[in-house]
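Pasting the sequence and the predicted model now:
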Amino acid sequence: MSTTQRKPSLPSLPKAPTGITGLDEITEGGLPKGRPTLICGAAGSGKTLFSMEFLVHGALKFNEPGVFMSFEERTDELTINVASLGFDLERLQQEKLIKLDHVQVERSEIEETGEYDLDGLFIRLGYAIDSIRAKRVVLDTIENLFSGLNNQGILRAELRRLFGWLKDKGVTTIITGEKGEGTLTRQGLEEYVSDCVILLDHRVSNKISTRLLRIVKYRGSVHGTNEYPFLIDEEGISVLPITSLSLSHNVSTERISSGIPSLDKMLGGAGFFRGSSILVSGTAGTGKTSVAGSFANEICQRGERCLYFAFEESPRQIIRNMNSVGMDLQSHIDKDLLWFHASRPTLNGLEMHLLVIHKLVKEFKPSVVILDPITNLVTVGSASEVKSLLIRLIDFLQEEQITVMFTALSFKEIISEQTDETVSSIVDSWLLIREIEFNGERNRGMHVMKSRGMKHSNQVREFVISDNGLNLVDVFVGPDGVLTGSAREAQQLLEKADYALRDHAVTRKDREIERKRSVLEAKITSLNEEFESLQEELNKTYIEEELRKEVLEKNRQDITRSRDPQ
């Protein structure tokens with residue numbers, strides 16, 4: 001028998017999806033089905049809009065008709081207010097998908113005699129639910145229902161009865177409540193609606209507003225517990241569902257060019273990893289935006305999409321400036337490959353900026369995102385808050401395998417004192433552009449501070465911006481160190497002159513050597529001839545002596561034969 005036993009499968013809490021972007025991800029499915037949910041917050045926090053989206057999405061996307069009972073706004077006002085979001089409540093009512101009802105509560109008609117009850121409301125609400133077979137109900141705003149009731153005993157009893165009646169009907173209910181002093185609602189509704197409580201908050205800090213959502217309680221379900229920024233725009237409510245930094249995303253070994261061939265050479269010859277994060281930092285005027293524009297141009301030329309967030313310059317300025325270095329960004333915009341989103345950082349708080357980025361990335365689906373410059377975000381938050389935002393942004397983009405490039409303004413020359421908004425420690429690649437003042441000129445030098453996972457150059461290269469684009473000049477070291485600009489050109493000319501003189505001297509030495517070689521070869525030839533003559537003379541004497549011996553021996557033999565008797 002196995003030592004590990006599987007836990008028995010237990011029934012999970014059924015949920016009703018809201019259809020609100022990001023919220024269903026945070027709640028892992030939606031609101032508790034068939035139970036009441038409390039949406040609380042101060043005036044203007046978005047409670048009514050939240051509730052209306054829940055109803056409309058339920059009717060159109062999930063085939064769950066809904067009843068909206070208002071104790072504050074009239075039905076015609078509601079219809080006009082949500083028309084800007086594309087919700088046609090009149091048509092939905094005609095199709096019996098939505099039922100709007102306004103209940104006018106007059107304080108003078110409420111008599112605190114102990115006989116106050118909600119039977120009339122139950123009858124009216126029950127009829128509305130049955131008429132369209134509603135599965136969802138919204139009660140907005142419930143404080144108005146008890147505005148003239150001061151007897152806490154009666155109030156609590158009627159609240160319990162109301163919530164019990166809604167559960168018996170099996171409808172998924174949203175009840176909105178105004179935030180009280182030190183409590184979530186004025187009437188303490190969170191005590192009775194204990195299944196799910198969502199708090200909406202609208203904060204203003206340094207004249208910048210931020211909307212935040214927090215799930216205070218969700219009984220029987222796992223849920224995100226952080227504060228999540230949410231955006232209200234022409235498309236309704238969008239919630240940023242970044243719940244954790246799990247560091248479990250996939251990585252790619254594919255490389256993409258930076259758009260500067262000489263920079264790619266410094267990065268192992270292939271450029272950046274796809275899905276990585278890059279920081280380009282430097283002092284003002286060093287060409288950070290030019291590097292970002294060149295990267296955007298390269299990506300669009302590959303037929304991929306790039307989303308460019310500009311916090312300092314307008315798109316027209318960037319397009320004009322990049323035209324001066326031979327890059328036509330407008331053509332990429334015309335092909336829907338390049339999107340610019342330009343705004344001052346003070347337009348929104350940090351969380352809202354993150355939400356806008358998140359939303360546009362989901363809509364445009366780029367392969368590269370550029371933020372230029374992130375330093376300006378410090379005007380709406382501290383350095384630590386900016387770092388927190390960028391960490392969450394990098395985590396989200398890496399999960400989507402999207403490459404991100406940041407530019408950052410450095411205020412100090414000493415590298416050890418630079419923080420670059422502390423983002424340099426969390427990015428994969430860091431390019432630092434520095435000013436180099438020498439010989440009465442101001443030039444630029446670039447070096448790769450780090451590039452994780454790849455071999456990269458540790459040299460400083462002169463960074464040149466010209467009509468032909470961007471380039472990194474090979475390192476040139478003179479007697480006094482690395483030279484740039486006119487000093488480099490002057491040293492190069494001087495070395496060319498030295499090379500010419502050395503070539504002339506070498507040529508003269510070569511001629512002298514050739515002449516001496518010719519003389520030596522002539523002497524060798526003469527000695528060879530003399531040796532051959534002497535050898536021939538010696539050989540002649542030897543041959544004659546041998547011939548004489550041969551003749552004498554023959555004569556001796558002839559004489560001997562002549563004396564021998566026959």
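Thanks, I have the structure now.

where along the stretch 251-400 of the chain do the helices fall?
Under the criterion DSSP state H, counting those that start in this stretch, helices of the stretch 251-400 of the chain are mapped to 261-266, 288-301, 315-323, 329-334, 350-364, 383-399.

what helices or strands is the last one leaning on?
In terms of contacts (3 or more CB pairs under 8 Å, 6 or more residues apart in numbering; DSSP states H and E), helix 383-399 is packed against strand 277-282, helix 350-364, strand 403-409. The way it works is simple: take the backbone N, C-alpha and C, and place the C-beta from them, glycine included.

Kindly format the C-alpha coordinates of the longest one as CSV.
Read that as helix 350-364. The C-alpha trace of helix 350-364 is given here as CSV (Å, rounded to 0.1, in the frame of the first residue of the first chain):
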residue,chain,number,x,y,z
LEU,A,350,2.0,54.5,-10.0
GLU,A,351,-0.6,51.7,-9.6
MET,A,352,-2.8,53.3,-12.3
HIS,A,353,0.2,53.5,-14.6
LEU,A,354,0.9,49.8,-14.0
LEU,A,355,-2.8,49.0,-14.8
VAL,A,356,-2.7,51.0,-18.0
ILE,A,357,0.4,49.2,-19.1
HIS,A,358,-1.1,45.8,-18.2
LYS,A,359,-4.3,46.7,-20.1
LEU,A,360,-2.5,47.9,-23.3
VAL,A,361,-0.2,44.9,-23.4
LYS,A,362,-3.2,42.6,-23.3
GLU,A,363,-4.9,44.6,-26.0
PHE,A,364,-2.0,45.2,-28.4
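
which parts of it are buried?
In terms of neighbour count (16 or more other CB atoms under 10 Å), helix 350-364 has its buried residues at 350-361.

So what pairs up with P229 in the strands?
Going by DSSP bridges, P229 is paired in beta bridges with L212.

Correction: the previous question concerned R136.
Going by DSSP bridges, R136 is paired in beta bridges with G66, T172.

Tell me how many other residues crowd it.
27 (other CB atoms under 10 Å).

With S324 instead?
By other CB under 10 Å, 11 other residues sit near S324.

so it touches D467, yeah?
Yes - when contacts are counted by CB atoms under 8 Å, S324 is listed as touching D467 (7.3 Å).

Can you tell me how far R556 is from G453?
Separation of R556 from G453 (CB to CB, to the nearest Å): 104 Å.

of all the helices of the stretch 251-400 of the chain, which lies closest to T173?
Smallest distance to T173 across the helices of the stretch 251-400 of the chain (CB to CB): 27.8 Å, for helix 350-364.

Quick check: the gap between the one residue sitting closest to the centre of the chain and I278.
Closest residue to the average C-alpha location of the chain: V404 at 3.5 Å, with CA atoms, centre = their mean. Remark: distance between V404 and I278 (CB to CB) = 7 Å.

cool, and I174?
In this structure, I174 and I278 are 44 Å apart, going by CB to CB.

Could you check which of these two is surrounded by more residues?
More neighbours surround I174 than the other of I174 and I278, with 27 against 23 (other CB under 10 Å).

Surely that one touches E53?
No - with contacts counted by CB under 8 Å, I174 stays clear of E53, the gap being 10.2 Å.

so E529 is in which element?
Element membership of E529, judged by DSSP states H and E, is helix 485-563.

elements contacting that helix?
strand 441-451, strand 477-478.

Let me know which of the ones you listed is tucked in deepest.
Of all the helices and strands packed on helix 485-563, strand 441-451 carries the top mean neighbour count, a mean of 18, counting by mean count of other CB atoms under 10 Å.

Check which helices and strands that strand sits against.
Other elements packing on strand 441-451 under the criterion 3+ CB pairs under 8 Å, 6+ apart are strand 429-438, strand 461-466, helix 485-563.

Any chance of a markdown table for those, columns mean neighbour count, mean pLDDT and distance to L307?
Below are the helices and strands packed on strand 441-451 laid out as a markdown table (neighbours: other CB atoms under 10 Å; pLDDT from 0 to 100; distance: least, CB to CB, whole Å):
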| stretch | mean neighbour count | mean pLDDT | distance to L307 |
| --- | --- | --- | --- |
| strand 429-438 | 19 | 84 | 19 |
| strand 461-466 | 19 | 86 | 24 |
| helix 485-563 | 10 | 76 | 36 |
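
of all these, which lies closest to S252?
S252 lies closest to strand 429-438 among the helices and strands packed on strand 441-451, at 14.0 Å (CB to CB).

Just want the angle from that closest one to strand 277-282.
Note on geometry: by axes from the mean of the first three to the mean of the last three CA atoms, to 10 degrees, strand 429-438 and strand 277-282 are set 10 degrees apart in direction.

Mind listing the strands strand 429-438 pairs with, and their directions?
Partners of strand 429-438 in the sheet, by DSSP bridges, are strand 277-282 (parallel), strand 441-451 (antiparallel).

export it as PDB, just CAs?
C-alpha atoms of strand 429-438 as PDB (Å, rounded to 0.1, in the frame of the first residue of the first chain):
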ATOM      1  CA  SER A 429      21.100  43.500 -19.000                       C
ATOM      2  CA  TRP A 430      22.400  46.900 -18.100                       C
ATOM      3  CA  LEU A 431      23.900  49.400 -20.600                       C
ATOM      4  CA  LEU A 432      25.500  52.500 -19.200                       C
ATOM      5  CA  ILE A 433      26.200  55.500 -21.400                       C
ATOM      6  CA  ARG A 434      28.600  58.000 -20.000                       C
ATOM      7  CA  GLU A 435      30.000  61.400 -21.000                       C
ATOM      8  CA  ILE A 436      33.700  61.500 -21.900                       C
ATOM      9  CA  GLU A 437      35.200  65.000 -21.900                       C
ATOM     10  CA  PHE A 438      38.700  65.200 -23.500                       C
END
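
Can you report how many residues lie near L472?
Counted with other CB under 10 Å, residues neighbouring L472 total 23.

Can you check my assumption that it lies in a strand?
Yes - judged by DSSP: H, G, I helix; E, B strand; the rest coil, L472 forms part of a strand.

my guess is it contacts M446, does it?
Yes - if you go by CB under 8 Å, L472 and M446 touch, sitting 6.1 Å apart.

which residues are common contacts for those two?
Listed as contacting both L472 and M446 by CB atoms under 8 Å, 6 or more residues apart in numbering are 263, 461-463.

Quick one: residues contacting E435.
Going by CB under 8 Å, 6+ apart, E435 touches 283, 286, 413, 442-445.

and those, which two are the farthest apart?
E413 and N443, at 14.5 Å, using CB to CB across those.

how much space between K554 and R561?
Distance, K554 to R561, by CB to CB: 11 Å.

same thing with L279?
In terms of CB to CB, L279 sits 120 Å off from R561.

Just list what the helix or strand hosting K99 packs against, helices and strands only.
Taking DSSP H and E as the criterion, K99 maps to strand 98-102. Secondary-structure packing of strand 98-102 (3+ CB pairs under 8 Å, 6+ apart): helix 47-61, strand 66-70, helix 75-83, helix 89-94, helix 119-132.

That strand: which residues count as buried?
Quick answer for strand 98-102 (16+ other CB under 10 Å): 98-100.

Then stretch 83-94?
85, 87, 89, 92-93.

picking that back up, contacts made by the strand holding K99 with the rest, please.
55-56, 59, 65-71, 73-75, 78-79, 89, 92-93, 124-125, 128, 131-132, 134.

ok, back up a step: can you tell me which of the helices and strands packed on helix 485-563 the model trusts least?
Mean pLDDT values for these show the minimum at strand 477-478, a mean of 58.
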